[in-house]
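1. got a sequence here, can you model it:
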Amino acid sequence: MLDTNVAVSALAWRGMPYRLLQAIRHQPETVQLYSSEALLAELAGVLARPHLRKPLAAIDRTPAEVLTDYAASMEIVAPTEIPRVIVNDPDDDHVLACALTARAEAIVSGDRHLLALQPQWRDIDILTAAQAVERIEQLRRER
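-> I've put the predicted structure just below:
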C-alpha cells in the first residue's frame, strides 16, 4: 500500500513514486494496492491544495478525476481498529491500520515516522518508493 505522500507524488509528478505506480499498474496479477476511506479522504484534501493546481493542470486532470482513477485501481479496506504507534503523527496510524486490515506485504512511504519503523512493522515491510520499484522489478524478472 502507498502512503499518501507517495500517492501524491506519483499522481502529480514524474519521479520515483510515479515510476512505482506505473510498475504496479503493469503488474496487476502480482501487485495489489490497498487503501481506506480515511486515507482516500486525506489524499483528496492534499490533491485540492493550491500548490497542486499547476501539476494537475499540466496533465489536464482535476483533483476529483485523479482521486477517482486512483481509487479505482485498488481494494478499499475498512480498518476496525487504529493502532497507536506513531506518537508524533497519529495520522500515520491510519496507514498502519490499513496495512494490517489488508494484510499488506509492504507499506511504501517517504514519511520519516513510518520509515523509522524499517525494516518491518508487524511483518509488514516498510519501503521507500525506490525499494518498492526494485522489489516489483525483481518479481517481474522471476516470472
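
2. so in this protein, where's the weakest helix or strand by average pLDDT?
-> Within the chain, no helix or strand scores below helix 129-142, which has a mean of 90 by mean pLDDT, DSSP states H and E.

3. which strands and helices sit next to that one?
-> The contact analysis (3 or more Cβ pairs under 8 Å, 6 or more residues apart in numbering; DSSP states H and E) places helix 129-142 against helix 4-12, helix 16-25, strand 106-108. In this view, the C-beta of every residue, glycine as well, is placed from N, C-alpha and C.

4. and with 10 Å instead?
-> helix 4-12, helix 16-25, strand 106-108, strand 124-127 (3 or more Cβ pairs under 10 Å, 6 or more residues apart in numbering; DSSP states H and E).

5. send the alpha carbons of the first one over as PDB?
-> This file holds the C-alpha atoms of helix 4-12, laid out as PDB (Å, rounded to 0.1, in the frame of the first residue of the first chain):
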ATOM      1  CA  THR A   4      -0.500   9.500   1.000                       C
ATOM      2  CA  ASN A   5       2.800  11.300   0.400                       C
ATOM      3  CA  VAL A   6       3.900   8.700  -2.100                       C
ATOM      4  CA  ALA A   7       0.500   8.600  -3.800                       C
ATOM      5  CA  VAL A   8       0.500  12.400  -4.200                       C
ATOM      6  CA  SER A   9       4.000  12.400  -5.700                       C
ATOM      7  CA  ALA A  10       3.000   9.500  -8.000                       C
ATOM      8  CA  LEU A  11      -0.100  11.300  -9.200                       C
ATOM      9  CA  ALA A  12       1.200  14.800  -9.600                       C
END
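
6. between it and helix 129-142, how big is the angle?
-> Interaxial angle of helix 4-12 relative to helix 129-142 (axes from the mean of the first three to the mean of the last three Cα atoms, to 10 degrees): 70 degrees.

7. no more questions from me, cheers.
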